[in-house]
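Engineer: got a predicted structure here, sequence first:
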Amino acid sequence: QKEVEQNSGPLSVPEGAIASLNCTYSDRGSQSFFWYRQYSGKSPELIMFIYSNGDKEDGRFTAQLNKASQYVSLLIRDSQPSDSATYLCAVNMGDSNYQLIWGAGTKLIIKP
Amino acid sequence: DAGVIQSPRHEVTEMGQEVTLRCKPISGHDYLFWYRQTMMRGLELLIYFNNNVPIDDSGMPEDRFSAKMPNASFSTLKIQPSEPRDSAVYFCASRRRGEDTQYFGPGTRLTVL
């Protein structure tokens, strides 16, 4: 069974520090990888996606992909209290309909 | 452009009643997804459509759940009869053909008493 695993947390990080969120997936055929952020009581919103091995940066956010080790991570630099949310990892495992497999999410708390 | 629209935003009903949730996808999006989210089980895919045709309904929990997409701009998820364990937030999401980014609606918070 295709799976995406995340530590449920909560992960507590002091304001201004780097928050590191990790996700592992089971299928080596996976092709695209997504990080969604979900504030309490709100819907998931896309932060970043990554397709190729290596790093992808967007502002304070960096996604890292290592296909050989089957993990994807999200780094948040200069963490702000507004970054406190649940972060969902989603993986397209090569399905022709681009169906995503979702992790359970990691709750991140940024402490002022 | 308007995002995915869902209605109602909140629904409180009594066990045994029929519940209908509605979704309007983003214009031009070919795929529509219905998800359910609970604290215990996280985000679960219930069913998804491609060009109004149901592709995979293996996530629908039981026969009490049904979904339709009569046209490209409207879909419904119906629960009949509803049970307290159906209480959850139901999300609709859509995406464009050839892209795998999904865009979520605001969700419907369902409470079955």
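Structural biologist: Thanks, I have the structure now. Numbers count the residues shown, from 1 in each chain, chains lettered A, B, ... in the order given.

Engineer: quick one: strands adjacent to the worst-scoring helix or strand of chain A on mean pLDDT?
Structural biologist: Every helix and strand of chain A was ranked by mean pLDDT, DSSP states H and E. The lowest is strand A:100-102, at a mean of 89. Pairing partners of strand A:100-102, with direction, according to DSSP bridges: strand A:85-92 (antiparallel).

Engineer: still on that earlier bit, tell me which helix or strand comes right after the least confident helix or strand of chain A.
Structural biologist: As assigned by DSSP states H and E, the chain's next helix or strand after strand A:100-102 is strand A:106-111.

Engineer: flag every buried residue along that following strand.
Structural biologist: A:106-108, A:110 (16 or more other CB atoms under 10 Å in any protein chain shown). Every residue, glycine included, has its C-beta placed from N, CA and C.

Engineer: tell me the strands beside that strand, with direction?
Structural biologist: Taking DSSP bridges as the criterion, strand A:106-111 forms sheet pairs with strand A:11-14 (parallel), strand A:85-92 (antiparallel).

Engineer: give me the distance from it to the chain's centre.
Structural biologist: Centroid separation between strand A:106-111 and its chain, computed with CA atoms, centre = their mean, to the nearest Å, is 13 Å.

Engineer: list the contacts of that strand.
Structural biologist: Strand A:106-111 is touched from outside by A:6-15, A:19, A:21-22, A:76, A:79-87, with contacts defined as CB atoms under 8 Å, 6 or more residues apart in numbering or on different chains.

Engineer: would a markdown table of the buried residues of strand A:106-111 with pLDDT and distance to B:Pro84 be doable?
Structural biologist: Converted to a markdown table, the buried residues of strand A:106-111 look like this (pLDDT from 0 to 100; distance: CB to CB, whole Å):
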| residue | pLDDT | distance to B:Pro84 |
| --- | --- | --- |
| A:Thr106 | 96 | 29 |
| A:Lys107 | 96 | 26 |
| A:Leu108 | 97 | 31 |
| A:Ile110 | 97 | 35 |
